[in-house]
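> any chance you could fold what I've pasted below:
(8 chains, ligands or ions: 3)
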Amino acid sequence: MSVMALAKALGITLRHFFSRPVTVPYPDAPVAIKPRFHGRHVLTRHPDSGLEKCIGCSLCAAACPAYAIYVEPAENDPENPVSIGERYAKVYEINMLRCIFCGNCEEACPTGAIVLGNEFELADYRYADFVYTKEDLLLDAVGSRPQRREAARTGKPVKLGFEVPYVRPELEGVKYE
Amino acid sequence: MIWQLFLTAVKALVLILALLFAFAYITWIMRRGLARFQVRLGPNRVGPFGLLQPIADAVKAIFKEDITVERADRVLYWLAPLIAFTFALAAFAAIPVGPDGWVVANLDMGVLYVFAVSELAVYGIFLAGWASGSKYPLMGGLRSIAALVGYELALGMAILPVVLMTGSLNLQDIVAWQQKHGYLILWQFPAFLVYFVASLAEMSRTPFDFAEAEQELVAGFHTEYASMKFVSFYIAELLHWITGSALMATLFLGGWAAPFGLPEVPVLWLFLKWAIFIFLVLWIWASWFRTRYDQMIRFAWGVLLPAATVWFLITAYYVAKGGAL
Amino acid sequence: MIPEPKELRTEEMLLNMGPQHPSTHGVLRLVVRLAGEEVLDVVPHIGYLHTGFEKTMENRTFHQNLTYTPRMDYLHSFAHDLAYALSVEKLVGAEVPERARVIRVMLNELSRIASHLIFVATGLLDLGAMTPYFYAFRERETILDLFEWVTGQRFHHNYIRIGGLKEDLPEEFPGELKKFLDTFDHRVDDYQGLFVGSPIFEGRARNVGVIPPEVAIAYGLTGGSLRASGVNYDVRKAYPYCGYETYDFEVPLGERGDTWDRMVVRLEEMRQSARIIRQALERLEPGPIRDPNPHFSFPPKELLSSSMEAVIFHFKLATEGFEVPPGEAYVPTESARGELGYYVVADGGSLPFRVKVRTPSFFNLQSLPEAARGHFFQDLVAILASFDPVLGDVDR
Amino acid sequence: MIVFNLLAGALLLLTGFLSVYLRNAVHAALALAANFVVMGTVYMVLQARFLGWVQIIVYAGAIMVLFVFVIMLLYAAQAEVGVDPLPWMRRAAAGVALAGFLALAYAFSAARSALGDKAATALLQGGTARVLGPVLWDEWRYPVMLVAALLFVATVAAVALLRPGRGTA
Amino acid sequence: MSTFYLLVSAALFALGAYGVLARRSAILVFMSVELMLNAANLALVVFARGLGSASAQAVALLLIALAAAEVAVGLALVVAIYRTRESTLVDDLSELKG
Amino acid sequence: MDPLLEYLNALIYLGIAAFIGVAMLLLGALLGPKRPGKTKLAAYESGNEPMGYIKRFPAHFYAVGLLFILFDVEVAFLWPYAVSAGKLGLAGFAAALLFTLVLLLGLFFEWRKGVMKWDR
Amino acid sequence: MRRDEARAYALEKGLAVREAHDLLHIVLPLDGLKAHMAAFKAMGFNYLADVIGIDYQGYPEETGWEHPERFAVVYELVSLPGYADGDGSRIYPRVYVPEKRPELDTVTDLWPSANFPEREVYDLFGLVFRGHPDLRRILMPEDFEGHPLRKDFPLGETPTLFNEGRYIDPEAFRAGLRGREKGLTGWRGGRRKGERR
Amino acid sequence: MGSVKTYEEEFRELERQGILFTTLEKLIAWGRSNSLWPVTFGLACCAIEMMASTNARNDLARFGSEVFRASPRQADVMIVAGRLSKKMAPVMRRVYDQMPDPKWVISMGACASSGGMFNNYAIVQSVDSVVPVDVFVPGCPPRPEALIYAVMQLQKKIKGQAYDEAGHRLPPVEAWARGA
Ligand code: SF4
Ligand code: SF4
Ligand code: SF4
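Ligands and ions are numbered 1, 2, ... in the order given. This next block holds a predicted model:
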């Protein structure tokens, strides 16, 4: 009886021995992340005009429980506007180390400017390198800082570790090559 | 004479290197094998299929800082890994991997040699535990004694019927006997069972791996060991597994003798039979729990030892009656 | 040196187990008084993970605090979100729509399964079996994927909102969940086959760490550990919330209150949770997922471009948060570890005046010395594991 | 052979000396264990191979392990117990030992004539188990039975002395 | 060769005797006794070789068994005494008598 | 060939093994970096200051350990029997039987005495 | 229901009773705490679910909740359903502890489960439980000074750093958000400059 | 340390001369980077993701790092996973000190790296102030793949192929550079 139980355990493990491993070979094969995944933030642009959506209202900063967002607004030049609103974010910085990827900023943003994207490969070496500025966040920037740094050094394109098999309306315009 | 000695030395060197190589790859097999039981891949990124993984580990270990802890008993702290390492390697010297000449030391009482070595090997572990001057290792060391006290007798009692049947303590003879009369696992299945269970304890593999139970004793007796000293223990630990499996293959599965009248190839058959036991141990490792050391001692004395003794008497009667083949 | 005989009189030794120890489930420190390998006494020292949750939450808005709650019990994180939301909802008088309640139950049970899976994984790992760890984590990974579908986070969801949920379930979700449930039952059978009945497991767990019901209650044990002692106390049955009373499930009970019972009870609970999820799936009717009261609910994004009122509410909510009428509320809930509740004191402002979390692990840990005394050191690990403490839950 | 003998003799004396000299009990016990191992090999060389193995298995493997074990139990981290007594005592002991050595050496040298180095080693055939088997279990059958009885008595005695189950102490 | 080992045996015996007399800890005294026993055994084996007598070896084997029994009882005694007296020093043992 | 030669072989083997062991340890000791420190060399105790020394370590199984010696001797006696059992015939078997039974009796006795019971 | 029993008991003894949000609060006097608690235990409240410390400093007066002393300790007593004759009643007796002499009696002898939570209250609020078997700090390090959950203990925030020396000081930032003073965002309620499409 | 030049000294010298990474150095760096055994230092939620990174799905073992050593003596990298409270900081420092050189630290998660959302009296705001950190991993918790990416970043660093934003090459072992 009890020996049977031992044998049963052996049987179960043996069955698994001959089943396929469930391992995702991550760096070689991309990870399929889900549409709502909370990854690195993206500052989106208006699809038609190409203007930034962010109007520098700081609601995201206010909603952030970790106080990881710094926004400094400035008035738009009416001739040559940066954003769709009256004002735009002159400085928009996120301290990625502080950020907990909760999505409160996304929820609080009235214009849908800040969206949590897909990049999760953010590991880097220096504390100071984690303050992502507008360039790093605007939607043309692909990958994380270390990834883009490496791409620049080696001359190869950024290799992203995930694939995006679905459409995310709020991320329109973001291209992952 | 000199030539003889030289030959021995060469053989010994080859065997040791082979064993170390086997160790290196047994870590790989272990990691990959366990991984397969656990539906994952295991090391596969260092070299093709992760085959260079053991080498990377070795390189790292060699260039790692070596620590001698302050409270340690310095002499023993250094001696312990050496003892563990040497005795772990030792047992294989008597195991024949092929017909005459394919053994480093064809001892006329090879079984006793193996038996003695397996007892002495405990010193290494035990002293390591004590010499570290720290609590977790001490407990690990004591548990190794507990294990010894449990398995050693059952081990001896389980070999006795084999010796009875074959009438020899020489491993080469035992293999030859099996070549003639069929594998001992068929004749001596109860003895094999007892031997197998006791061997698991001797190799300190899963149901009986409490001497280094990570969940309780951090890393057991080698908690305070770093760098190559730790590696020595690691080698010793896995070599027990390698040697124990080879020994079981020799004692009960006909050793290097080819099965089913297939052609004799010295190392090959032993290797294949050995692989069976390696897998078996790995399989059990992946499937079962760890016992408590008192339960193991009780099991060994209350079940294994009486069972082995009774079986010994049965075999003895059979042999004494003149039934020996 | 000749040791003085008097000095030698003691055979006891004090051993630190933890904070950095592979099987203290985090950063628990146990000072163990041992005679050889026999445990004479255990003194848990906690606080190595004290994070200052309660103080910090006093300085964040009620809304922001939803990001703090899951991080206490990171295994069954959804239960904390839920318990906090329930307390605050009681204070603000929010009406949670039916669909949201069903989804909450569903995700709560899913999260409970994930937590119990870790329990099985680590509990059996502490008993020396490696493989269940990987099997359990495989299933857990699937659950986390499901959560990622819904909430975008693997286990710190930030999905519950006061008065409902952040957003609706994605369309694919029910199908994926069903797929998971279909395989899950076999998986539980697998875990069961790996340990229940095995003589080694019996030897390690039977009659080890027995807690009789009186002792359990005196020391404040709740959850599966209490039920293993045979006390039929499950908050989901005793103080139903979120409509648990309408679901058909059983509360598995143990008989002896030993490690064995505590392990098996939780295994059974996983099955029951799966059952609840199935029922919840059937009840999933379309409908609103949030109390539309603009006082504490973000207005839908679409409204922002059309309704000025919505914009104002939105701005106020995002910056100041919402005000909660003064009062004190507590709603007990059942987390994977036992009774969990948030005692929230509001002073009429938008920050809570005081949040006290009644975390089950904190109380459960008090029974550990009772259970472990007189057993082998080797068993202490198993007993501790069978209580399923989460140190974030203990230390807050 | 000579080399081996000299080496073994030296090792025996050294480890023997260490075992009575070292102050750390565990070290002393280890020295003794080493002594026994060497002694076992010496037995083997002396045409008593089986005896040699038994020496290693029983003495070095079982008895000394248990010795070390008990020492560790009793002294754990501070095995410095082998302190020597008063100097005069030590000197007296040394004197006694020396006298014993001389007496024995004399006795042995007297007995030596009876032996001769080339003595009947062939009869022993290396003293393997196969040689000893019939001797032990035929000629010496009754003493062996006596030993069994003795072991049984020892079992009883040890158990009685330890009074197990009397708690942890 | 015989002579050499006989001398070694005598020396070991003497060392053992020294240990018995000079050591204070019961366990260490015990160990010295073992050393003496072994020295005796060594002499026996040498004689066995000289005489070509397997019987002498059998005696040696029996001696080992005796020694083992003695150790088992002796260690049990030491441990038992330790339990009650919490000491293994021989001097303290002598107090038992008086 | 003298079988003792094989013993020499074993000795050589052991010597080489030990040599390799020493070489390995030395290699490790010499090649790694050296940055000792007080805490680094202190005993590990789960990240705490070690608390006190171990004075005496009661282990429940020393009774079993002592019995182990006795049974080990028993097995030692049985080896010669095992190799010559056929030659000794039934008379030898009777002796062995008696011998073993006496010891089994001992085992039974100690079992009854509760040597193996350490639970409360 | 034991809850009604407890209410009746409280009214009979002249204790202040308040029911809100389904909770039954009973204010016990500091001196008679132990006796009343024992009475509750005798009534069948066999389970102490929690001991909650609250520091009412700065609690607005106008809310209608009066708090005579700075500290309060709220006990959560349950008659545990599923065990013996428990019926699931919960009551929340509380006792106010003055700031000057922050001492009260322990209830560990009635409910051993009060051990940890009382230590926690001692640790975080500095209220001393007389007769507690082992009153040591539990969450904070032994050598920690102060009692963090007191309202006058600073939260101890550090600024979040950004590039070029910019930073957010959480304290000031929060204050700005709540509209009491002008913070970083400059938002003080009312409408902002909106967006233009 | 006597006349035997340790690897570390040699290493420093080579670095000074700018001819780091000879063949031997390359071999060593390769060995080290491919055999990173972490010490179990799980503190909070991130520890669960650390465990998850060893599980069947993600299998950190593929990088030769599955051997989570409970004893710091045998570990090469400490993955600080979770929030480090001030009560725990000395313990962690001690465990770190007890690791043999060379050793690396991965600070996993927002809490360990910067205090994250727990900006308060109890939590150490960045592990970097206690031990030298080699790689920071943002995320709360970082998903297992992010940890794997961090391990790969660390491997790059050990091999001397890591640069920071300003373009400086980073020392393979942070502790040596900082003299911690
Ligand atoms: S995701 Fe959360 S933590 Fe991160 S910036 Fe947005 S609000 Fe702050
Ligand atoms: S991102 Fe959105 S919330 Fe943040 S400043 Fe820009 S518009 Fe405002
Ligand atoms: S970073 Fe997030 S997940 Fe990690 S420990 Fe902190 S709160 Fe937990």
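
> can the lengthiest helix in chain A be found next to chain H?
When chain A is scanned for its longest helix (criterion: DSSP state H), the result is helix A:2-17. No. Using Cβ under 8 Å from any Cβ of the partner chain, no contact is recorded between helix A:2-17 and chain H, whose separation bottoms out at 9.4 Å. For every residue, glycine as well, the C-beta is placed using N, CA and C.

> which other residues reach that helix?
Where contact means Cβ atoms under 8 Å, 6 or more residues apart in numbering or on different chains, the residues beyond helix A:2-17 that reach it are B:36-39, B:283-284, B:286-288, C:131, C:135, C:190, C:193-200, C:202.

> and with 7 Å instead?
Outside of helix A:2-17, the residues within contact range by Cβ atoms under 7 Å, 6 or more residues apart in numbering or on different chains are B:36-37, B:39, B:283, B:286-288, C:131, C:190, C:193-194, C:197-199.

> also stretch B:32-47?
Outside stretch B:32-47, the residues touching it (Cβ under 7 Å, 6+ apart) are A:13, A:16-17, A:19, A:21-23, B:28, B:31, B:50, B:52-53, B:56, B:282, B:285-286, C:131, C:134, C:138, H:34, H:56, H:59, H:61-64.

> sorry, back to before: for the longest helix of chain A, C-alpha coordinates in CSV please.
Listed next in CSV are the C-alpha coordinates belonging to helix A:2-17 (Å, rounded to 0.1, in the frame of the first residue of the first chain):
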residue,chain,number,x,y,z
SER,A,2,2.5,2.6,1.1
VAL,A,3,5.1,1.1,-1.2
MET,A,4,2.5,1.6,-4.0
ALA,A,5,2.5,5.3,-3.0
LEU,A,6,6.2,5.5,-3.5
ALA,A,7,5.9,3.8,-6.8
LYS,A,8,3.2,6.2,-7.8
ALA,A,9,5.5,9.1,-7.1
LEU,A,10,8.1,7.5,-9.3
GLY,A,11,5.5,7.0,-12.0
ILE,A,12,4.5,10.7,-11.9
THR,A,13,8.0,11.9,-12.2
LEU,A,14,8.8,9.5,-14.9
ARG,A,15,5.8,10.6,-16.9
HIS,A,16,7.1,14.2,-16.6
PHE,A,17,10.5,13.0,-17.6
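
> hmm, B:I67 is touching B:T223, no?
No. Counting by Cβ atoms under 7 Å, B:I67 does not reach B:T223; the two are 11.4 Å apart.

> so the two - more neighbours on which side?
More neighbours sit around B:T223 than around the other of B:I67 and B:T223, counting by other Cβ atoms under 10 Å in any protein chain shown; the figures are 31 against 28.

> burial count for G:K100?
Every residue meeting other Cβ under 10 Å relative to G:K100 is counted, giving 8.

> got the contact list for D:A97?
Neighbour list for D:A97: E:A14, E:L15, E:A17, E:Y18 [criterion: Cβ under 7 Å, 6+ apart].

> what do B:I67 and B:T223 both touch?
For the pair B:I67 and B:T223, residues contacting each of them under the criterion Cβ under 7 Å, 6+ apart are H:R73.

> any low-confidence regions in the chain?
Since you didn't name a chain, this refers to chain A. A:1, A:173, A:175-177 (pLDDT under 70).

> should've been chain C
Within chain C, the stretches falling below the threshold (pLDDT under 70) are C:1-12, C:23-24.

> could you redo the last one with a cut-off of 80?
Filtered on pLDDT under 80, chain C yields the residue ranges C:1-26, C:34-38, C:128-129, C:197, C:294, C:299-313, C:315-321, C:348-349, C:396.

> and for whatever residue of it ends up closest to chain G, the neighbour number?
Closest to chain G within chain C is C:G220: 2.9 Å, counting by Cβ to the nearest Cβ. Counted with other Cβ under 10 Å, the burial measure for C:G220 works out to 29 neighbours.

> try G:A10
Burial of G:A10 is recorded as 22 neighbouring residues (other Cβ under 10 Å).

> what comes into contact with stretch D:4-21?
D:28, D:31-32, D:34-35, D:38-39, D:41-42, D:45, E:1, E:4, E:8, E:11-12, E:15, E:18-19, E:23, E:31-32, E:35.

> ok, now with 6 Å
For stretch D:4-21, the external contacting residues (Cβ atoms under 6 Å, 6 or more residues apart in numbering or on different chains) are D:28, D:31-32, D:34-35, D:38, D:42, E:8, E:11-12, E:15, E:18-19, E:32, E:35.

> over to stretch B:6-14?
Among residues not part of stretch B:6-14, those counted as contacts by Cβ under 6 Å, 6+ apart are B:V104, F:N9, F:I12, F:Y13, F:I16.

> mind running it again at 10 Å?
Among residues not part of stretch B:6-14, those counted as contacts by Cβ atoms under 10 Å, 6 or more residues apart in numbering or on different chains are B:89, B:93, B:101-105, F:5-6, F:8-17, F:19-20.

> name the residues of that stretch that are buried.
Buried positions in stretch B:6-14, judged by neighbour count with 16 or more other Cβ atoms under 10 Å in any protein chain shown: B:T8, B:A9, B:K11, B:A12, B:L13.

> ok, of those, which one's closest to A:G161?
Ranked by distance to A:G161 (Cβ to Cβ), the buried residues of stretch B:6-14 are led by B:L13 at 47.0 Å.

> any idea which element the closest one lies in?
Under DSSP states H and E, the secondary-structure element containing B:L13 is helix B:2-37.

> for that helix, buried residues please.
For helix B:2-37, the neighbour count (16+ other Cβ under 10 Å) marks B:8-9, B:11-13, B:15-16, B:19-20, B:22-24, B:26-37 as buried.

> A helix includes the residue of chain C closest to chain G, no?
No. C:G220 is assigned coil when assessed by DSSP: H, G, I helix; E, B strand; the rest coil, not a helix.

> look up how far chain D lies from it.
Taking Cβ to the nearest Cβ, to the nearest Å as the measure, C:G220 falls 30 Å from chain D.

> what's the burial count for the residue lying closest to that residue once chain neighbours are set aside?
Nearest residue to C:G220 in three dimensions, chain neighbours excluded: G:S113, at 2.9 Å (Cβ to Cβ, 6 or more residues apart in numbering or on different chains). Residue neighbour count, defined by other Cβ under 10 Å, stands at 26 for G:S113.
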